[in-house]
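Undergrad: Make a model of this:
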Amino acid sequence: MLTIIAASFLLGSCKQAEEIVRNQNNELGDIYATKDGSGSQRLFEPRYSANNDTIYFDIPYFYPVDSDIETDLTKIILRSTVPSDAIVSPALGGLMDVSKPFDLSIRSGSGTVNSYVVVSRKVGDLSVKSAKITFGTEEIDAIINGNDVIFFVVPGTDISDAVLSYEINKHSTASIANESPVDLSQDRGFRITGIDGVSKTYTLKAQEPSKLVYGVGINRRLWTKTSADLGQSGGQDVSMALSGDYLVVVIRSNPAVYRVYNRQTGTFVQNMVNPIVGNSFMIANDTVGNLLSSSYTARNGRFLMYKYKSPTDANPVKLVDWTNSTSAAVSASDGGIGRRVHVYGDLNSKAVIMATIGNSKSIYRWIVENGNLISNTPELLEYQNVTGTTGHMGFYPEAQPVSGEANANYFINYAGDVALVNGETQQKIAGFSLTSNVVGTSRTGIGFAEFNNAKFLALVKYQANTVTRARLGVFDVTETAKITLPFTDTRYSTFSMYESEDFTTSSNPNSTSDICIGFSPDKERMQVYMLLTGGGILAQEFTKYAP
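TA: Here you go, the predicted model:
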């Protein structure tokens, strides 16, 4: 038995050790550069030659790049990833002098060698961090895409004398002085030169942005002018309307003066013919640019409305000649008509005209069919949901129809309400939240328009319980359900599309203001004008283009 065990032991002790197989892989898995004090942080990335035998490091001349700390190429740390069992020569991971090219080899465990050349250089910063152009009151920020510096500009915008502003590295220079005028009506080169003397040329270009299928996108300020700038005084500028290239402002006097301006610039052109003898508050435009002027008429007086083809029409047509038969039952304390008149549709085809009655809850409505009034005598409507202790809507209620159909729905606007109303029943359909951050503390001035498959209501929103400070607000009222949204609702930004800065006046004793809305000839842009009596006019343009 002992003999057998001993024999087994001898046989086992003669077994040979297994041979170790050495790794033949000598490929460089990864390499990057960093600097002393940055640990393993990847600060500088490599790029490789086409045949993969040269590794280049473009290391910023200063680091951080916006600092004055110059990079020292004699104190760079390279870190790499190589296969197991491989040896890197020279050894990496410590401070190195990379200011001159050097050979880097990867020797596999089996002894095969893969060689590279490492080339490092200090480079200037040739990037354009940001850029914008300014023209008039508008600013457009650039989108920087590769070598292109792109400004998305709405067609028809004059950018032949835009001011270019930009941000580049403080150690670099540019071929165009910062904040200097440039003509971007065609593409232009823009060269950046780094501290190392190397340059890169960008292309400044203006492009048409993409169009939205719904609603408004890019908007801009056309102009803002005070009443003094417009040649007005005394706080008597009470209403306005648009027609073609013109904006008409009514100066309340006896008789009223209708001042005509270029609506793109606010430059005075001429006065318009006014056949109305006596006081006049209102002028309005239909949806195609015909104008409608009206008299202000107390109870039992003669109420007149005239239709103009344009502000240069010297022979306006009398459309309405009617005795204001408002009864004491409708309005015991006033009964005047003509302070607020609105129209929607085409006065030469189909339209609805609505005029409110002072200190009442009633509205007169005229219907135009085939370019003619159905009747010179209007329908008398009574809004069924008047709020407040007075039982009426004050001196300046407004009723704005939203279509040219006979029983068109309409928006009502007065101190106690901003609401969409059923044109057949005179019942409220939906009302705005009456908080100051939605509709202001009070308001006089309303406008409605359809644009790019959406419906918009514009308001003059008085601020802080005063009629000397107001903002223009524009709301998307396409979806009736959104009309009631409070300021705190997460969807509110899809309802309130725009709110301007404060616009001020020192003279607005009658608490008046107005809104009018027009379009560019190609219907790609919508212009909204806000008049604040005694303050002036703010003109804002909205487009179909995506921001």
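Undergrad: Where does the prediction get shaky in this structure?
TA: Using pLDDT under 70 as the threshold, the predicted model of the chain has low-confidence ranges 1-21.
Undergrad: Could you chop it up by domain?
TA: Taking automatic domain parsing as the criterion, the chain consists of the domains 30-123, 128-207, 219-543.
Undergrad: Identify, out of these, the most deeply packed stretch.
TA: Per-residue neighbour counts averaged over each of those give the maximum for domain 219-543, namely a mean of 19 (mean count of other CB atoms under 10 Å). Just so you know, the C-beta spots here come from the backbone N, C-alpha and C atoms, and that holds for glycine as well.
Undergrad: quick one on the thing from earlier: turn the domains of the chain into a markdown table, including distance to V213.
TA: Putting the domains of the chain into a markdown table (distance: least, CB to CB, whole Å) gives the following:
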| stretch | distance to V213 |
| --- | --- |
| domain 30-123 | 42 |
| domain 128-207 | 17 |
| domain 219-543 | 7 |
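Undergrad: quick one: which helix or strand includes Y344?
TA: Assigning secondary structure by DSSP states H and E places Y344 in strand 337-345.
Undergrad: Name the next helix or strand downstream of that strand, please.
TA: Once strand 337-345 ends, the next helix or strand along the chain (criterion: DSSP H and E) is strand 351-357.
Undergrad: Mind giving me the packing neighbours of the helix or strand just after that following strand?
TA: Helices and strands here follow DSSP H and E; after strand 351-357, the next one along the chain is strand 362-369. Identification of packing neighbours for strand 362-369 by 3 or more CB pairs under 8 Å, 6 or more residues apart in numbering; DSSP states H and E yields strand 351-357, strand 379-382.
Undergrad: Any chance of those strands in TSV with distance to I283 as columns?
TA: Rendered in TSV, the data for these read as follows (distance: least, CB to CB, whole Å):
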stretch	distance to I283
strand 351-357	13
strand 379-382	23
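Undergrad: Could you point out which of the ones you listed sits nearest P509?
TA: Ranking the helices and strands packed on strand 362-369 by proximity to P509 (CB to CB) places strand 351-357 first, at 20.1 Å.
Undergrad: Centre of the chain to that closest one, how far?
TA: The chain centre lies 33 Å from the centre of strand 351-357; the measure is CA atoms, centre = their mean, to the nearest Å.
Undergrad: Out of the helices and strands packed on strand 362-369, which is closest to D476?
TA: Set against D476 and scored by CB to CB, those come closest in strand 351-357, at 22.2 Å.
Undergrad: Which elements pack onto that closest one?
TA: In terms of contacts (3+ CB pairs under 8 Å, 6+ apart), strand 351-357 is packed against strand 337-345, strand 362-369, strand 398-401.
Undergrad: so what strands line up beside it?
TA: If you go by DSSP bridges, strand 351-357 pairs up with strand 337-345 (antiparallel), strand 362-369 (antiparallel).
Undergrad: what's the first one in contact with?
TA: This means strand 337-345. Under the criterion CB atoms under 8 Å, 6 or more residues apart in numbering, residues 280-282, 284-287, 292, 294-297, 303, 305, 324, 326, 351-358, 364, 368, 395-404, 408, 446, 448 lie in contact with strand 337-345.
Undergrad: Just the CA atoms of it, as PDB, please.
TA: Output in PDB follows, covering the C-alpha atoms of strand 337-345 (Å, rounded to 0.1, in the frame of the first residue of the first chain):
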ATOM      1  CA  ILE A 337     -73.900 106.900 -29.100                       C
ATOM      2  CA  GLY A 338     -70.700 107.100 -31.100                       C
ATOM      3  CA  ARG A 339     -68.100 107.000 -28.300                       C
ATOM      4  CA  ARG A 340     -67.200 103.400 -29.400                       C
ATOM      5  CA  VAL A 341     -68.000 101.900 -32.800                       C
ATOM      6  CA  HIS A 342     -66.600  98.600 -34.200                       C
ATOM      7  CA  VAL A 343     -67.000  96.800 -37.500                       C
ATOM      8  CA  TYR A 344     -66.000  93.400 -38.800                       C
ATOM      9  CA  GLY A 345     -66.200  92.000 -42.400                       C
END
